[in-house]
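> how would this look folded up:
(one chain, ligands or ions: 1)
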Amino acid sequence: MNSDDFMDVLRTCCSREQYDALYRESVEDPQNFWAKVAREFHWEEPWKSNVLAFNFNVDNGKVDVSWFAGGKTNMAWNCIERNIQNGCGEQTAFIWEGNNLGEEGKKTYLELQADVNRLANWLKSAGVKKNDAVIIYLPMIMELPVAMLACARIGAVHSVVFAGFSSEALAQRLLGCKAKVVLTCSAVMRGSKHINLKGVVDEACDFAAAKDHAVDHCLCFINARLNSDNHLTQSRDKHWQNEVDQLPRDCETEWMDAEDPLFMLYTSGSTGSPKGVLHTTGGYMIYAGATCASVFNMRQGDVFWCTADCGWITGHTYLTYGPLLNGATSIVFEGVPNYPDAGRCWNIIDKYKVKTFYTAPTALRALQRYGDDFVKAYKRSSLKILGTVGEPINPEAWQWYFNVVGEGRCPVMDTWWQTETGGHMITPLPLAIEQKPGSATLPFFGVEPVLLNENGVELLDEAEGYLCFKTPWPSMFRTLFADHQRYEESYFSMFKGYYFSGDGAKRDADGYYWITGRVDDVMNVSGHRIGTAEVESALVTHAECVEAAVVGIDHPIKGQSIYAFVTLRESCELTNSTRKALVDCVRAMIGPFAAPDTIQRAPALPKTRSGKIMRRILRKIASREEESLGDTSTLADPTVVDTLVELRDK
Ligand code: WTA
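Next up is the predicted model:
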């Protein structure tokens, strides 16, 4: 097979037989398979003979994965210059659709090149060097992907922090990677809400300064649309437009080793503080490009809309890098799906002739509630492929997406993956894999899922178990920033020799995978990953709260909502104002999206004799399923359960 066309082979895989043959090839000879993909990209220097080296087994030494070692490339070059050289300089790279109707903008690949280089030059003048961390705290304006690409151009490691995180959470991330430079924006509107981002950054920088870490430069994009006041009050503050616009539009590319870091992104785990997931350059790049081509059948010039925020992994791989690697046009949407009304998404699809729409089940459930008329008011005739990500999609939402939004003619790509995996892992392909509503279907090329029982035994055929992976794929994370031990403990110790995802799954008689959700203490609220431990530590910052335990319970729109049990100091009452103050603690420590919906008093929590909180029991109580509590004999004090049921509605 001519390797020059290999991306096209993946893109046009159009029958189950073809998928089966390619899949077999990808797992039998991964080195050759991925080398064929990699040759489709620009490498300044080729990799050494060994495409892949890895150890997944903690008993055999350090867990280590390396793809294309010794090869030199650059993500920004492959996203920008590669397209310009292919004659796409004048084509639109990004379309920006603002929060309010009528606010819009776009950037061609040539304009993108100039903007990325100007900002890269500014970063250099601010002292940022290869491997330095840069924090990006920006709303969904085009400067956000530009900032990511500017870091990539000079080999700086970006860490995008979702602009819904609080100043405490931002400070924690700043301190974690010791960033000297923060890129931000004065303020933004989301729906009808005004958000003062610069204020959050100021607080975070002050907080970091109090912990002996000084941010040297805070580059602030002034959002003129909001007539915002002068936000530049600190000596570290710089005016983005004034500083950057006058800089040269050329900037030398820093050639990176395939295994040099590209970015880190914090995500929630089952215990402790958020984890800095670290992705490297070469493997992540080719996998982002290949999955986009294959799963979304993406071609040069396609208009692709991923509704995720760049603050999450989906916005990294499928809004920024993957589409640009395929020469597509990617939409950056600043607003929310129901503003000014529930027809906004379908309006945008018609306006820009979107071919592929990629969103989260929670958004679909929210829009479904407004009825079909909002959808039918628009043509949606440009749509060819639909996609979902972030949580299991319930069959009702799937049917609505497929039948109403896609009018039965657009296949639905239910893509299962994680911040850690960097790209799609289990997913249909539009032309090759028959769908089943609610199933993420089959593994992507090179991906080898297994289901294990609690003893680590691989289950064959139809089965349900812990979803793990046997072998590495190119875009897997390589470590947790500055904590390789936690990487090994969190992901490779539970089942020796496997990467453990934290999810459970079933495999049916046709070999299709059905994700059942997290099996650890990570919640999924509106597609946001939130650790129970993080919310609990926020709740106990309240002076009256001595202990807290939170669980996620089913919610018809959000997937899960947060239910908190709190033990207050003797003589303290759980009044409405205490409830509000507790919620405020979570908003301040994490952000509004992590606020519990329900807070209940718990004079004591159900614990084992060794003092471990039994969340399984709390989940049953919160979900009003105390009839099916299961075994409670290991509880230190079984009467706790009755008390909690009694207090539930008080
Ligand atoms: C869940 C998002 C079912 C899962 C890309 C996973 C899904 C977590 C799906 C990762 C899906 C993601 N079906 N569950 N199609 N996609 N998940 O890191 O529990 O924010 O472990 O990455 O979301 O969330 P993360």
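> ok and the residue in the stretch 251-400 of the chain nearest the ligand?
The nearest approach of the stretch 251-400 of the chain to the ligand comes at residue 392, 3.9 Å away (C-beta to the nearest ligand atom). Where C-beta positions appear, they are placed from N, C-alpha and C, glycine not excepted.
> hey, where'd the helices end up in the stretch 451-600 of the chain?
Counting by DSSP state H, counting those that start in this stretch, the stretch 451-600 of the chain has helices at residues 484-491, 532-539, 576-589.
> got TSV for those helices, with distance to residue 18 and mean neighbour count too?
Below are those laid out as TSV (distance: least, C-beta to C-beta, whole Å; neighbours: other C-beta atoms under 10 Å):
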stretch	distance to residue 18	mean neighbour count
helix 484-491	33	17
helix 532-539	43	22
helix 576-589	49	17
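> Nearest approach to residue 141 belongs to which of the ones you listed?
helix 576-589 (23.9 Å; C-beta to C-beta).
> Show me how far that closest one is from its chain's centre.
On the basis of C-alpha atoms, centre = their mean, to the nearest Å, helix 576-589 sits 26 Å off its chain's mean C-alpha point.
> Stretch 113-129 now?
Mean-position distance between stretch 113-129 and its chain equals 26 Å (C-alpha atoms, centre = their mean).
> For the residue of the stretch 251-400 of the chain closest to the ligand, which residues are in contact?
Residue 392 makes contact with 361, 438, 515-517, 559, according to C-beta atoms under 8 Å, 6 or more residues apart in numbering.
> Please identify which two of those residues are farthest apart in space.
The largest separation in the contacts of residue 392, counting by C-beta to C-beta, is between 361 and 516 at 14.5 Å.
> Among these two, which residue is more densely surrounded?
For residue 361 versus residue 516, the count of surrounding residues by other C-beta atoms under 10 Å is larger for residue 361: 23 against 14.
> near the ligand, which residues of the stretch 151-300 of the chain?
Residues of the stretch 151-300 of the chain lying near the ligand by C-beta under 6 Å from any ligand atom: residue 267.
> where along the stretch 151-300 of the chain do the helices fall?
All helices of the stretch 151-300 of the chain, identified by DSSP H, counting those that start in this stretch, fall at 167-177, 197-210, 240-244, 282-295.
> and the residue most central in space within the chain, what is it in contact with?
Among the residues of the chain, the one closest to the centroid is residue 313, at 2.7 Å (C-alpha atoms, centre = their mean). If you count contacts by C-beta under 8 Å, 6+ apart, residue 313 has them with 265, 267, 277, 418-419, 422.
> what's the domain layout of this protein?
Domain ranges of the chain: 6-67, 526-647, per the TED database.
> In TSV: these, plus distance to residue 194 and mean pLDDT.
As requested, the domains of the chain are exported to TSV (distance: least, C-beta to C-beta, whole Å; pLDDT from 0 to 100):
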stretch	distance to residue 194	mean pLDDT
domain 6-67	42	97
domain 526-647	14	95
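> so which of these gets nearest residue 507?
For residue 507, the closest of the domains of the chain is domain 6-67, at 15.3 Å, according to C-beta to C-beta.
> which parts of this structure sit against the ligand?
Applying C-beta under 6 Å from any ligand atom, we find that the chain lies next to the ligand at 267, 312-314, 389-392, 414-419, 440, 501-503, 515, 517-518, 524, 529.
> Low-confidence bits of the chain, can you list those?
For the chain, the stretches flagged by pLDDT under 70 are 1-4, 228-229.
> hmm, what's the outermost residue in it?
Farthest-from-centroid check, the chain (C-alpha atoms, centre = their mean): residue 571, 42.7 Å.
> can you list the contacts of residue 313 in JSON lines and add neighbour count and distance to residue 320?
JSON lines is the format used below for these (neighbours: other C-beta atoms under 10 Å; distance: C-beta to C-beta, whole Å):
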{"residue": "265", "neighbour count": "26", "distance to residue 320": "12"}
{"residue": "267", "neighbour count": "20", "distance to residue 320": "17"}
{"residue": "277", "neighbour count": "24", "distance to residue 320": "16"}
{"residue": "418", "neighbour count": "17", "distance to residue 320": "18"}
{"residue": "419", "neighbour count": "19", "distance to residue 320": "15"}
{"residue": "422", "neighbour count": "29", "distance to residue 320": "13"}
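> Quick check: the two most widely separated of these?
Farthest-apart pair in these is 267 and 422; separation 11.8 Å (C-beta to C-beta).
> For residue 341, give me its contacts.
Here residue 341 is in contact with residue 374 (criterion: C-beta under 8 Å, 6+ apart).
> Quickly note the distance from it to residue 545.
Between residue 341 and residue 545 the distance, using C-beta to C-beta, to the nearest Å, works out to 40 Å.
> One more: residue 484?
Residue 484 sits at a distance of 34 Å from residue 545 (criterion: C-beta to C-beta).
> what's the angle between the helix or strand where residue 18 lies and helix 282-295?
For residue 18, the element it lies in under DSSP states H and E is helix 16-28. Interaxial angle, helix 16-28 versus helix 282-295 (axes from the mean of the first three to the mean of the last three C-alpha atoms, to 10 degrees): 170 degrees.
> Give me the residues contacting helix 16-28.
Under the contact criterion C-beta under 8 Å, 6+ apart, helix 16-28 has outside partners 9-10, 13, 32-34, 429, 432-434, 442-443, 445-446, 448, 471.
> how about 7 Å then?
Helix 16-28 is contacted by residues 13, 33, 429, 432-433, 445-446, 448 when judged by C-beta atoms under 7 Å, 6 or more residues apart in numbering.
> now stretch 587-601
Taking contacts as C-beta under 7 Å, 6+ apart, the residues outside stretch 587-601 that touch it are 164-166, 168-169, 525, 528, 530, 534-535, 538, 541, 550, 561-566, 568, 574, 579, 582-583, 586, 647-648.
> Pull the contacting residues for residue 204.
Per C-beta under 7 Å, 6+ apart, neighbours of residue 204: 167, 170-171, 174.
> Put together JSON lines for these, with neighbour count on each row.
Shown next, in JSON lines, are the contacts of residue 204 (neighbours: other C-beta atoms under 10 Å):
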{"residue": "167", "neighbour count": "22"}
{"residue": "170", "neighbour count": "26"}
{"residue": "171", "neighbour count": "24"}
{"residue": "174", "neighbour count": "26"}
